[in-house]
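K.L.:
What follows is a predicted structure for the sequence shown.
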Amino acid sequence: MLAENSGRVVVIHTSRDLEESDHLFNSIREGNFKLIEFFEDDRLELYDLADDIGELQNLAQKMPQRVRSFEEKQEWRTSVKAEMIATQSPLPEPSVR
């Protein structure tokens, strides 16, 4: 059973690729819904985690209003000047000190 998320909005923002992931992404969760934005191709995926914990049924096209409401919540990136990755060029190698 999925835990109730008590009205909070939870955001995961990656500005660097994660070793275990082939994708650069941002995700946001509110209630049972989770929106994932993939930076490399601007793809959006929306899931209802109460009914689809395995994230197999992308609801983005069926629920455009919900996608828009999530996109409005993404405005925080501008307000906090969140680091955004450049998807057109390779990521720089980490510097060694």
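P.N.:
Thanks, I have it.
K.L.:
Phi first, then psi, for the residue lying closest to residue 57 once chain neighbours are set aside.
P.N.:
Nearest residue to residue 57, sequence neighbours excluded (C-beta to C-beta, 6 or more residues apart in numbering): residue 47, at 7.0 Å. For every residue, glycine as well, the C-beta is placed using N, CA and C. The phi/psi pair for residue 47 (degrees, to the nearest 10) reads phi -130, psi 140.
K.L.:
So what's the residue count around residue 34?
P.N.:
A count of neighbours around residue 34, defined by other C-beta atoms under 10 Å, yields 20.
K.L.:
and the gap between it and residue 63?
P.N.:
Going from residue 34 to residue 63 by C-beta to C-beta, to the nearest Å gives 12 Å.
K.L.:
Find the residues that touch each one of these two.
P.N.:
residue 46 (C-beta atoms under 8 Å, 6 or more residues apart in numbering).
K.L.:
pLDDT weak spots in this structure?
P.N.:
Regions of the chain meeting the criterion pLDDT under 70 cover residues 1-23, 83-97.
K.L.:
50 instead?
P.N.:
Within the chain, the ranges that satisfy pLDDT under 50 run 1-3, 88-89, 91-92.
K.L.:
just so I have it, where are all the strands in it?
P.N.:
Ranges of strands in the chain, per DSSP state E, are 9-13, 25-30, 33-38, 43-48.
K.L.:
looking at those strands, which is closest to residue 79?
P.N.:
Residue 79 lies closest, by C-beta to C-beta, to one member of the strands of the chain: strand 9-13, at 12.4 Å.
K.L.:
Surely the residue nearest to residue 57 touches residue 62?
P.N.:
No - counting by C-beta atoms under 8 Å, residue 47 does not reach residue 62; the two are 11.4 Å apart.
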